[in-house]
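Chemist: Sequence first, predicted model second:
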Amino acid sequence: MIEILVGAQWGDEGKGKWVDILGEQAGIVARFQGGNNAGHTLIVGGQKIVLHQLPSGVLRPHCIAAILSGVVVDPVGLVAELAEVASCAEVAYDRLWISARAHIITPYHVWLDERLESGLTRPIGTTKRGIGPTYMDKAGRSGLTAVDLMELPHLEAWIERRCAESADFAAHYRDNPESWEAFFEAARRVSPYICDAEAKVRAHLRGDAQVKLLMEGAQGTLLDMNHGTYPFVTSSNPTAGGAVASLGIDPRKVSKVYGIAKAYTTRVGEGPFPTECQDHAGQILREQGAEFGATTGRPRRCGWYDAVAMRYASEVNGFDGILLNKLDVLSGIDELKICIGYQHPKYGRLSEFPSQPDVLAACRPVYRYLGGWREDIRGVRALEDLPLAAKNYVTAIQEFTGVAVKFIGTGPGRQDFADLTVSLLN
């Protein structure tokens, strides 16, 4: 059984929580794209754990965690992350598989990312972790793959070749010996985890028809390189199609695709955001939702739930259901809004998500207004225990998005969710 969990908005939807919860029944949890620009926050036993590269299932002792070919790996960051989770999870070599095909972030890529971002007249708002330049090298067929870390002569040959090809690379390698020494040490420590991860995952699926594979994406659909708000996107494909490509699997074998969304919308970095609230409402959402980046600490831009964008994300991915996070954040807000359409100054009323970012930037949201609720719903576990206004809000999300809500997040912990086994539309 293969289930794919993807971000349905502009990232930061709370994917880590649901991968951790659903990973209780999974035999394998696999990250399929992105790098350490991701920040999946988990609350386990009252302890806050932020995972950047490790799949969220690594905290489940029975789970195998796999990092697939579509991911770019920072060895220095990964070693630090392994040390951080050591207090609550033992990550043995047979429990973490790093794809030999995954590409590697080096100190040069991090330096280049900072240089490129600062030199742009229209910055993208990247995390400056070296993600984009590493994917650029991958596309340019000059990248460093994880398998090269297993043999020192291969790594040395790659560095020698890059020094000959690029004066900037040669200068960085010469002038930053401490950074590169830390990289070499981290590469040595990571190399025992490297294997043909995709083949091993497929072999497990063949060998046990009952094994559950949970595939975890980073970022969100609206940041997809092909289908997002280009150029304000990430450098990979955080969609269901990206998951299939990263593993190398018959797409007909996928059982379910779930979209993770907040009960409102956030965005980090630059780019169009029609429902953004630059007023007191946006401040309330940011404060009550603790909307600050898990990786960068940057305050997130906050706005109302956008059903137009969610319908688009569902079409791109084929959602079988929505896992709706942070409904509890809306408690105490008297009037709530759901965007059901856009109004464009030239094209009039739009019901579809525009492909051009400048068109989207000029759109103004058309809202459906709903009453809020005053009750604190944090930790509510049953649908019947939600206030009527909260139930009505979830019903409206389903109606305007056209996809059933399967679970509702009512707090940050593993246990803080309500299971909607019967659609509110029925």
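Modeler: Everything's here; your move.

Chemist: I'd like to know how far residue 307 sits from residue 218.
Modeler: Relative to residue 218, residue 307 is positioned 24 Å away (Cβ to Cβ, to the nearest Å). Heads up, the C-betas are built off the backbone N, CA and C, glycines and all.

Chemist: Between those two, which has more neighbouring residues?
Modeler: Neighbour comparison, residue 307 and residue 218: the larger count goes to residue 218, with 28 against 24 (by other Cβ atoms under 10 Å).

Chemist: So the more buried one sits against residue 237, correct?
Modeler: No: contact between residue 218 and residue 237 fails when scored by Cβ atoms under 8 Å: they sit 10.7 Å apart.

Chemist: Between those two, which contacts overlap?
Modeler: In terms of Cβ atoms under 8 Å, 6 or more residues apart in numbering, residue 218 and residue 237 are both contacted by the residues residue 33.

Chemist: just for the stretch 151-300 of the chain, where's the confidence low?
Modeler: Within the stretch 151-300 of the chain, the stretches with pLDDT under 70 are 294-296.

Chemist: wait, what's in contact with residue 403?
Modeler: Residues counted as contacts of residue 403 (Cβ under 8 Å, 6+ apart) are 259, 310, 314, 319, 321, 322.

Chemist: if you set the cut-off to 6 Å instead, what comes out?
Modeler: Counting by Cβ atoms under 6 Å, 6 or more residues apart in numbering, residue 403 touches 314, 319, 322.

Chemist: same for the helix or strand hosting the last one, what does it pack against?
Modeler: In this structure, residue 322 is located in strand 321-325 according to DSSP states H and E. For strand 321-325, the contact count by 3 or more Cβ pairs under 6 Å, 6 or more residues apart in numbering; DSSP states H and E identifies strand 254-262, strand 405-409 as packing neighbours.

Chemist: What are the contacting residues of that strand?
Modeler: Contacts of strand 321-325 (Cβ under 6 Å, 6+ apart): 14, 18, 258-263, 403-409.

Chemist: quick one: the helices in the protein?
Modeler: 15-22, 75-85, 107-119, 131-139, 152-165, 167-175, 177-190, 197-207, 240-247, 280-288, 307-317, 357-362, 388-401 (DSSP state H).

Chemist: Now the second one: average pLDDT?
Modeler: Pointing back at helix 75-85 there. Averaging pLDDT along helix 75-85 yields 92.

Chemist: Okay, residue 274 and residue 7: tell me how far apart.
Modeler: Counting by Cβ to Cβ, the gap from residue 274 to residue 7 is 18 Å.

Chemist: Next, the contact list for the spatially closest residue to residue 276 that is not a sequence neighbour, please.
Modeler: Counting by Cβ to Cβ, 6 or more residues apart in numbering, residue 276 lies nearest to residue 303, which is 4.1 Å off, once chain neighbours are set aside. Neighbouring residues of residue 303 by Cβ under 6 Å, 6+ apart: 265, 275, 276, 277.

Chemist: mind putting the residues you listed in JSON lines, distance to residue 184 and neighbour count included?
Modeler: Compiled in JSON lines, the contacts of residue 303 are given as follows (distance: Cβ to Cβ, whole Å; neighbours: other Cβ atoms under 10 Å):
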{"residue": "265", "distance to residue 184": "42", "neighbour count": "28"}
{"residue": "275", "distance to residue 184": "47", "neighbour count": "25"}
{"residue": "276", "distance to residue 184": "44", "neighbour count": "17"}
{"residue": "277", "distance to residue 184": "47", "neighbour count": "19"}
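
Chemist: So what touches stretch 135-147?
Modeler: 98, 100, 102, 103, 104, 158, 194, 235.

Chemist: now do the same end-to-end measure for it.
Modeler: Here the two ends of stretch 135-147 are set 16 Å apart, with distance taken as Cα to Cα, to the nearest Å.

Chemist: quick one on the thing from earlier: just want to know which of residue 274 and residue 7 has more residues nearby.
Modeler: residue 7 (28 against 22).

Chemist: pLDDT wise, what is that one at?
Modeler: Looking at residue 7, its pLDDT reads 97.

Chemist: now do residue 118
Modeler: pLDDT recorded at residue 118 is 70.

Chemist: can you list contacts of stretch 251-258?
Modeler: Outside stretch 251-258, the residues touching it (Cβ under 6 Å, 6+ apart) are 1-5, 240, 244, 317-321, 323.

Chemist: Of these, which is the nearest to residue 353?
Modeler: Nearest to residue 353 among the contacts of stretch 251-258: residue 317, at 13.1 Å, using Cβ to Cβ.

Chemist: The closest residue to the closest one other than its chain neighbours: how many residues sit nearby?
Modeler: Counting by Cβ to Cβ, 6+ apart, residue 317 lies nearest to residue 240, which is 4.4 Å off, once chain neighbours are set aside. Other residues lying near residue 240 total 25 when counted by other Cβ under 10 Å.

Chemist: do the same with residue 157
Modeler: The tally of other residues near residue 157 (other Cβ under 10 Å) stands at 12.
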